[in-house]
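Colleague: Quick one, fold the following:
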Amino acid sequence: MVFAFAAFLQVLYYLCFYLAVILYRQNPQNHEIKPVSVIICARNEAENLKKFLPIVLEQDYPDYEVIVVNDCSEDNTYDILGSYLQKYPHLKISTVNRDPRFTHNKKFAQFIGIKAASNDILLFTDADCYPESKNWISNMTCHFHGSTDIVLGYGGYLRGKGLLNKYIRYDTMTIALNYLGMAIRGIPYMGVGRNLAYNKSLFFKNKGFGRFNHLISGDDDLFVNSNATRKNTVVEFRKDSHTRSLPPSRLKLWIKQKKRHFTTAPYYRLRDKILLLTEPVSRFIFYTTFAVLISLLFYWKYALLIFGLRLILQILILVQGMKKLNESGLLFYSIIFDIFSPLINGSVYLSNLITRSRKNTWK
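Modeller: Modelled structure (predicted):
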């Protein structure tokens with residue numbers, strides 16, 4: 001029965017990947033303090049830098065620099081950064097000037113920041129993000145010993161009013177449960193640039209962003225997809241290691257952001273494409289066939305039993321997942337969004353295929 005098989009796949013994902021995040025116990029090592037370079041790319045982010053950059057500059061870590069790449073900004077970003085230079089000697093600024101003969105995406109600014117970094121451990125976040133504690137750098141970099149080259153962190157969005165905010169936070173949380181869980185199971189496939197660390201030596205050894213340089217996105221997920229392995233990747237999602245970002249305030253902005261993220265999907269490894277596609281497709285089939293069985297009263301008792309068991313498992317894991325990722329107030333909405341998100345994300349993805357632009361924009 002199609003319904004039973006779809007339910008089986010759903011339960012498999014919950015038990016194999018999402019539960020892995022719940023059961024995972026961070027194992028930070030006592031280690032020698034290693035110098036770290038924090039890299040932030042900014043284009044017209046003056047107000048966000050004014051609010052959030054001091055939180056990065058005042059971390060409780062003895063040996064780090066913060067490199068802000070001011071990429072062709074036309075607001076007062078230069079003045080804001082200049083006002084911080086005297087107060088924070090570990091702040092460095094790299095400036096990219098506008099050239100009408102040369103357009104570039106964020107990867108170029110990222111590359112400039114990496115080249116300017118003095119240290120091998122690189123920690124990335126965005127100008128509209130801030131760490132949730134002063135231990136962010138310490139927590140994200142304590143895993144760099146032995147064979148570790150990449151650390152995947154969690155970057156959530158600020159809680160706000162409205163259904164869009166709740167959906168964005170739900171979407172971000174469930175994506176994190178997926179990529180963190182898969183990494184724990186030895187299948188790392190992506191990270192988020194709002195909270196990601198890796199070695200500079202790994203970047204240059206594997207030719208930087210390589211064949212993905214032309215893409216708008218991919219400085220985070222495609223880099224991880226191409227370079228992460230079971231042995232060289234660890235996860236870090238203790239609450240002190242989270243970052244928070246400003247979410248899109250309008251539906252149009254979120255759709256634009258989501259479309260940009262989807263541009264990288266065709267370039268994932270085949271294994272990862274199959275794993276990522278199987279979950280939403282099986283979920284869509286699960287809900288669709290359940291509705292059919294109930295409406296036709298065909299094996300409806302068995303359908304209700306299976307649906308109920310999956311719902312109980314879902315609630316238990318979501319409750320614990322929200323605690324792990326410090327996302328509150330989402331349980332009821334998550335159950336509703338779970339039904340419709342395959343349709344929402346699928347529609348955005350298909351729209352992206354139809355209207356895909358080749359314009360090489362920054363963000």
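
Colleague: Report the distance from the longest helix anywhere in the chain to the chain centre.
Modeller: Longest helix in the chain by number of residues, with DSSP state H as the criterion: helix 270-296. Relative to its parent chain, helix 270-296 has a centroid offset of 24 Å by CA atoms, centre = their mean, to the nearest Å.

Colleague: now swap in stretch 186-198 and tell me
Modeller: Worked out by CA atoms, centre = their mean, stretch 186-198 lies 7 Å from the chain centre.

Colleague: which stretches of this protein aren't confidently modelled?
Modeller: The chain contains residues with pLDDT under 70 at 28-31, 100-102, 356-363.

Colleague: how does it divide up, domain by domain?
Modeller: 2-20+270-355, 32-267 (automatic domain parsing).

Colleague: Format those domains as CSV; extra columns: distance to residue 26.
Modeller: From N, CA and C alone the C-beta is placed, and that goes for glycine too. As requested, the domains of the chain are exported to CSV (distance: least, CB to CB, whole Å):
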stretch, distance to residue 26
domain 2-20+270-355, 10
domain 32-267, 5
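
Colleague: right, so the ones you listed: which one is the most enclosed?
Modeller: Neighbour counts (mean count of other CB atoms under 10 Å) averaged over each of the domains of the chain peak at domain 32-267, with a mean of 19.

Colleague: now the end-to-end length of it.
Modeller: 37 Å (CA to CA, to the nearest Å).

Colleague: my read: residue 282 touches residue 3, true?
Modeller: No. Residue 282 lies out of contact with residue 3 (CB atoms under 8 Å); the separation is 10.5 Å.

Colleague: Just list the residues touching residue 292, thanks.
Modeller: Counting by CB atoms under 8 Å, 6 or more residues apart in numbering, residue 292 touches residue 298.

Colleague: ok, it to residue 286 distance?
Modeller: Look at residue 292 and residue 286: by CB to CB, to the nearest Å, they are 11 Å apart.

Colleague: leaving aside the residues next to it on the chain, what's closest to residue 88?
Modeller: Distance criterion CB to CB, 6 or more residues apart in numbering; nearest residue to residue 88, sequence neighbours excluded, is residue 57 at 4.6 Å.
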